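Student: this is a predicted model, with the sequence first.
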Amino acid sequence: MSRPFPYAYISCPCANTPVPDPSKKRRSRESPQKASSHHPDQPKPPPRFDDSEDEQTFDPRAPRSNFSLYPPEHLLYCEDCHQIKCPRCITEEIVCWYCPNCLFETPSSMVKSEGNRCARNCFNCPACTAPLAVNTLENVVRGGTSQQGPWVLSCGYCMWSTLDIGIKFDKPTNIRTQLAKLTATDTNPSRSRQMSRTFADLKSPLSTFSSIDEQFPPAPGEARPDDSPDQSNAPLSPDARFHALKGFYKNQIAATSSSSSDPLGVDFGAGFSSPGALNRIMSLYTSSSRLSSLYGGASKKPKTKPPVMREALTASEGFKTPAPDAEAGLIQRMAADGCGWDGLASLEQRVFQSPDARFVEELLPLATLLRTKRAKRCKSCKHILVKPEQKPQSTRFRIRLIALSYIPLPTLRPLMPAGQIPLPGAGVTSSSSSGSHPAGLSMNLDALPPLRPTQLLLTLKNHMFDPVRITLATPSVTPGRVASKVTILCPQFDIGANSDVWDEALQGNPTAAAASAGGTATSSHAPADQRSSRSGAAPATATAAAPGAPLGIFEKVAEAGKVWDKGRNWTTVVLEVVPGTLPSGSSGVTLPPSSRNPDARTTPRRTTGPDSDSDRDSDTSSFGGKAPDWTGRAAEQQQQQQQPPPPLQPDEDVLEIPVFVRMEWDSENQIDRPGVSAAGEMVKRELAYWMVLGVGRIDPSVLG
Amino acid sequence: MASTSYTNSGYDDSKRPFSMSSLRGTPSSPHTPQHNLRSNNSSFASTTSSTSFRGEEDAIIFELGARWLRAGFEGESVPMCVVGCGPEECRRVGDYRGWLKTNNPDTDPAQSRPLINPEDWASAYELWKMDLRGVDLGLVEDKIERVFRETYNKYLLTDAGTSRLVLVLPAIMPHPLLSALLSTLFSRWRFPSITLLTSATMAATAAGVRSALVVDIGWAETVVTGVYEYREIAIKRSTRAMKALLQETGRLLTSIPTARGVRSQPAPGDSGISVRFEFCEEVASRFLWCRPREGPSPADLQQQQQQQPQPDDSETEPTTHHSPLSSLLQRTVEIPSPSNPGSTYINLPFSTFSEPVESVLFAAGTADCELDDEEKPLPLLIYNALLTLPPDARGTCMSRIIFTGGGANIPGIRQRILADVAALVAEHGWSPVRGKVIEQQRRKLANLRISPSSDVQASAQDPASSHLTTDPSEDNRPAPSNDTPTETKSPERSTYSEPNPESATENPTQPQQQQQQQPPEDPKPEDEADLEDPIELKIRRNNRDRDRDALPPSVQGVLREVESLGPWAGASLTTSLKIRGLVEIEREKYLQHGLAGATTREFETHGHHVPDRRSGLRAGGGGDRSSWTLAGWG
């Protein structure tokens, strides 16, 4: 689907436990039996995951499964809960904040005041998001000192520079502060003082309170437009308007809630300066802490309606009526010749810009968003799962419990029909996409022939130091409209322990061990090497990876109930898949491709066992292009033929096999509890989860 | 004015012991500065006061809509990020298809895209639908979880769940949806409490006004909310909103002949859309515009002038822009070809891009009788919303019209809507009664009239407007400042409406108002005081020694737009002022009972009040202490 075929996804078991709805709990508690039969996990209205038992097949195509499926390397494992942990079942704690551009760490106290963005010179291009460089316009070397002219930010990718919006900087450092000042003066010179002030407010939250009040003295005598629509002759930027409104509301609240002449009235910091506050704090601990009685007791005043404050009326209070010609001006600008498609900012460009920015020339460079390093904990037991080093430059982890060291790594590759030359490494979950291989040499997984049995090799590789017993289960027919038949020839098998590679190396032959030593990364090569090592032909192993490898390997015929191949810590079994046909055009008739013709539709669908329901569900009436046959309700079979099936949804042609994996193993009790004999005690563990194997796309051309 | 207000304040102080004057008398006495309005909701005093004394982190504010989520910290003017939840955001982890250019059917020009049903075309991009029948709530929960987690990790850069959460939500949320949202948030993270605020009220707050008519041209619906003193008192909805507009734009782009070569022109009705949603939205956000109102007829102009003492905002616009408009319509703009946005451009007339707006939002070309109740065009919707408001609230709200939502960004739409509403008012006045018989009656009545003044002609043209029913007072509300119409009209109307008994029964307020206005020899300030909003009056009194006289009077009765910073900024303002919302849901209480634990408001005494019979779970007497409410959402 998303990655090159074939691939494997693992569904985190947390998908089976829906979000508990407390009101349901209450309802059950209110029920007459008043039972303690507390059903925390009542299924949600669409019971996709029935939790009575895991009878329900996991449907990889259900929209919800997108949120529970993860590539195996994205998952963590909690050793306390013995459970796979996906990003949904962990909590995160930020370890450090850093700028991804300059890798400087930002102290936590500064992060918020800097707006979660880098406060240095790191900027991203507003047009294309590439990082901007600080460049000088003139560079005159005079004597020993170099005289460098004004500075600009310029994008190396799209050639945008701050010159486009008419901004130059005096010095190459502290660009962000300079930019804030410049944009303030640029948009509105009269308000520059205020804007820079508001920027300063951003820098230190404490100054907000003090500055706002002096900033907006009661109705400054300047332009008092008598409520005419051209009040906006001094338009504030949204940010300044916000702060004006905030100051206004503060003044009003202060004025209406206390005497206006009191000097403390507007001072919000002095929470404890008056006896009333003390009184309030004291009576916090009394039993009845209704506020009315609190205040009533304090000031002997019964509770009344709070005094009301007035509305903002002037522009300096943040009130704004739009200019009558503003919108018309915008339209003129949009239609102007110089503007066009590229003159207007795209949605993506506008996301982080001021809400008024509509044209490209109004875009400002954006300081780079900071990033975080986060420690991760198990949500249920708070056990720490991942803890990175604090330094931004370091890529090390102090603790990292990734799931792949506990669950077997699944890899899938097609089993070539005998006689074809196998390409080791082809199609296994390596970077090589099988579609790019020369035709004929390997199976094209992007065009699987429908209705032709295909054999696949599923290798599970164990990374634990204990041998694991695996039970695989899969629905015989994949869910969805495109019904493919799946058979696992050997659903139950063992995988050896991930013992020291040298053990085997010393027992067996050295070359194979050396090859499998790097097996974690290049797991694709491991099976081939192991195989030849088992055959005992030491000289042959050297060339096993080459295309001219012993052809006899694949002449083996897959047998039911038998493991295909087995190595030190891996086991390969065979999956047989018969891809279904795509429904478009025909109603998914399972006929051999040779005899396919439009008249053959009378053949009933053979493979619509469990999925005929879902098929009908998706046949919503809104889909039907043609008028449905209202009378012909005789047989649902017939209806299916009459009604053209909905067009193929995206990715519906992808053959994905849900496989239920259940692993059992005996492990040493790793938690040293006092009292329990720590060493040597074996505990039986088991883990079960759904896995989705993406095989390939079904060939759409082989259709009726 | 000074004298009257002085006496009034004396009267009022008897009711209100917490008088400003008494406080002012003792300036030196120390007092407790009250930095929040917690006293507003006394029932939460116990729960909030305990928390407000420990050092609190800044609350985090999320505004949730059907398509976008805005998130940021309190006290900031703009949200930190705006994120959507389209199909790209709903992919599996590790699915980087959106970044791939090759083998991507979406960007592959060779592949022709099939026609998609417009409903499915758009629904993939929404977080939820109001129609919950087809919504998988589990999927909504999944999406919410992911979008919140990623917002915290990518943009907010703070530990999720440590600080209070404030959610700005539409005023109407289906309970399953609200429950899913809250359950997900509470069970996934350890938020101590979640406060819910309504978006309409917050939009009014962010405009600095207490009353407003908030026109939210949102995704699925346009919601017109009359907010009066921060209370939502009337809501009207229409499905003519951005979703329909985008679908129409998609159809338009699909039907461009060069786009699909051989494709025959699809039927205008239910045809599918073949262009990509992202492309369509891009085009819509860049180029959609709204034509100004067609030049009104002279009679309309005359009436507008009568009705609006200050008509310049709505009227100068069509006249002044007539000539530029025609030149605008001549222009062409270049957009990427819908079938192949990567490489080729096509030229389209600029006027094309105003057509979807006309047909969708203004229902151009559709007869009124064909419109269902839920698909009224926006001007009519606003007019109807104003009509349902009580006259005094109407006068206040109509001069504080706030446009929010995605549709408010379409250039020209605000002026156009205001002009259309003004025309509707001019045509019908403030009467909901329509029909031929009524008109005939009115015409007869008008013919009966003896004094042939200019008003009669106007009324003969349009009886409804001269009828003016309930509130000439408010139409001329700003008149006291330059008040010719009040004086002239009120006596005349009294003579006029006497022979019409049904109007009297229909508007029982009318006689009272007339009586109030009957003594025309009253001094002007008195008159103004009568017409004034009493609260406004109170404020004026209280603050009169301060800057009150210098401030302009508040505007009433004129159609006027007020700009708001948006609901998110309003919530940020409110929260940073430490004003607690009425709906504050504490974690423990929610986890006990979920939404069912909310007590219905006391003043709501409908029969099935959620019974609180369980013993032991809640102390019977101290219900106040642990109770919480959903207020409007309940």
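Tutor: That came through, no problem.

Student: residue contacts, B:Ile235?
Tutor: Applying Cβ atoms under 8 Å, 6 or more residues apart in numbering or on different chains, we find B:Ile235 in contact with B:Ala171, B:Ile172, B:Val223, B:Val224, B:Thr225, B:Gly226, B:Ala385. For every residue, glycine as well, the C-beta is placed using N, CA and C.

Student: make a ChimeraX selection of the buried ones in the residues you listed.
Tutor: A single ChimeraX command suffices to select whichever of those are buried according to 16 or more other Cβ atoms under 10 Å in any protein chain shown:
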select /B:171,223,224,225,226,385
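
Student: and the contacts of B:Ile235, which is closest to B:Gln556?
Tutor: If you rank these by distance to B:Gln556 using Cβ to Cβ, B:Gly226 comes first, at 14.3 Å.

Student: dump the residue contacts of the closest one.
Tutor: For B:Gly226, the contact set (Cβ under 8 Å, 6+ apart) comprises B:213-214, B:232-235, B:385-386, B:388-389, B:393-394, B:397.

Student: ok, for the closest residue to chain B within the stretch 101-250 of chain A, nearest residue in space, not its chain neighbours?
Tutor: With Cβ to the nearest Cβ as the measure, A:Phe242 is the residue of the stretch 101-250 of chain A nearest to chain B, at 3.3 Å. Leaving aside its chain neighbours, A:Phe242 sits nearest to B:Ser77 (3.3 Å; criterion: Cβ to Cβ, 6 or more residues apart in numbering or on different chains).

Student: burial of the residue of the stretch 301-450 of chain B at minimum distance from chain A, as a residue count?
Tutor: Of all residues in the stretch 301-450 of chain B, B:Pro411 sits closest to chain A, at 4.0 Å by Cβ to the nearest Cβ. Counted with other Cβ atoms under 10 Å in any protein chain shown, the burial measure for B:Pro411 works out to 23 neighbours.

Student: which residues does it contact?
Tutor: Taking Cβ under 8 Å, 6+ apart as the contact definition, B:Pro411 lies against A:Glu327, A:Leu330, A:Ile331, A:Met334, B:Trp289, B:Cys290.

Student: all strands for chain B, in order.
Tutor: B:60-64, B:68-73, B:81-84, B:165-169, B:193-198, B:212-217, B:222-228, B:231-238, B:332-336, B:345-349, B:401-404, B:583-586 (DSSP state E).

Student: out of those, indicate the one that is most buried.
Tutor: Stretch with highest mean neighbour count among the strands of chain B: strand B:212-217 (a mean of 29; mean count of other Cβ atoms under 10 Å in any protein chain shown).

Student: and that one, which strands flank it?
Tutor: strand B:222-228 (antiparallel), strand B:401-404 (parallel) (DSSP bridges).

Student: and that strand with strand B:231-238, angle?
Tutor: With axes from the mean of the first three to the mean of the last three Cα atoms, to 10 degrees as the criterion, the two stretches strand B:212-217 and strand B:231-238 enclose an angle of 30 degrees.

Student: ok so, going back, element containing the residue of the stretch 101-250 of chain A closest to chain B, please.
Tutor: Under the criterion of DSSP states H and E, A:Phe242 resides in helix A:238-257.

Student: in the stretch 151-300 of chain B, which residue sits closest to chain A?
Tutor: Counting by Cβ to the nearest Cβ, the stretch 151-300 of chain B gets nearest to chain A through B:Gly208 (2.8 Å).

Student: for that residue, which residues are in contact?
Tutor: Neighbours of B:Gly208 in contact, by Cβ under 8 Å, 6+ apart: A:Leu245, A:Phe248, A:Glu311, A:Ala312, A:Leu313, A:Glu317, A:Gly318, A:Phe319, B:Val562.

Student: got the contact list for the second one?
Tutor: The one in question is A:Phe248. A:Phe216, A:Ala312, A:Glu317, A:Gly318, B:Gly208.

Student: export those to TSV and tack on distance to A:Arg358?
Tutor: What follows is those, written out as TSV (distance: Cβ to Cβ, whole Å):
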residue	distance to A:Arg358
A:Phe216	29
A:Ala312	26
A:Glu317	26
A:Gly318	22
B:Gly208	24
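
Student: distance to B:Arg443 and pLDDT added to the residues you listed, as TSV?
Tutor: Output for these, formatted as TSV (distance: Cβ to Cβ, whole Å; pLDDT from 0 to 100):
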residue	distance to B:Arg443	pLDDT
A:Phe216	55	40
A:Ala312	45	80
A:Glu317	48	82
A:Gly318	49	79
B:Gly208	45	88
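
Student: A:Asp164: which of those is nearest?
Tutor: Nearest to A:Asp164 among the contacts of A:Phe248 is A:Gly318, at 31.2 Å by Cβ to Cβ.

Student: neighbours of the closest one, how many?
Tutor: If we define neighbours as other Cβ under 10 Å, then A:Gly318 has 27 of them.

Student: distance of B:Leu288 from A:Tyr406?
Tutor: B:Leu288 is 54 Å from A:Tyr406, where distance means Cβ to Cβ, to the nearest Å.

Student: er, B:Leu328 actually
Tutor: To A:Tyr406, B:Leu328 is 66 Å away according to Cβ to Cβ.

Student: what of B:Ser343?
Tutor: In this view, B:Ser343 and A:Tyr406 are 49 Å apart by Cβ to Cβ.

Student: ok, those two, which is more surrounded?
Tutor: The neighbour count for B:Ser343 versus A:Tyr406, taken as other Cβ under 10 Å, is higher for A:Tyr406 (24 against 8).

Student: domain parsing for chain A?
Tutor: Split into domains by automatic domain parsing, chain A comes to A:7-94+A:372-403, A:116-365, A:410-580+A:654-697.

Student: report the rounded mean pLDDT for the first one.
Tutor: Read it as domain A:7-94+A:372-403. When pLDDT is averaged along domain A:7-94+A:372-403, the result is 76.

Student: gap between the two ends of that domain?
Tutor: Between the opening and closing residues of domain A:7-94+A:372-403 we find a distance of 17 Å, counting by Cα to Cα, to the nearest Å.

Student: with the longest one instead?
Tutor: With Cα to Cα applied, domain A:116-365 spans 15 Å between its terminal residues.

Student: and A:Ile384, how many neighbours?
Tutor: In terms of burial, A:Ile384 registers 16 neighbours under the definition other Cβ under 10 Å.

Student: quick check: bridge partners of it?
Tutor: Taking DSSP bridges as the rule, A:Ile384 bridges to A:Arg377.

Student: wait, it touches A:Phe397, no?
Tutor: No - here A:Ile384 does not reach A:Phe397: they are 10.9 Å apart, not a contact under Cβ atoms under 8 Å.

Student: show me where the stretch 1-150 of chain A has helices.
Tutor: Ranges of helices in the stretch 1-150 of chain A, per DSSP state H, counting those that start in this stretch, are A:22-30, A:108-111.

Student: tabulate the contacts of B:Ile235 (JSON lines), appending distance to A:Ala558.
Tutor: Supplementary listing: the contacts of B:Ile235 in JSON lines, determined by distance: Cβ to Cβ, whole Å:
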{"residue": "B:Ala171", "distance to A:Ala558": "63"}
{"residue": "B:Ile172", "distance to A:Ala558": "60"}
{"residue": "B:Val223", "distance to A:Ala558": "63"}
{"residue": "B:Val224", "distance to A:Ala558": "68"}
{"residue": "B:Thr225", "distance to A:Ala558": "68"}
{"residue": "B:Gly226", "distance to A:Ala558": "73"}
{"residue": "B:Ala385", "distance to A:Ala558": "72"}
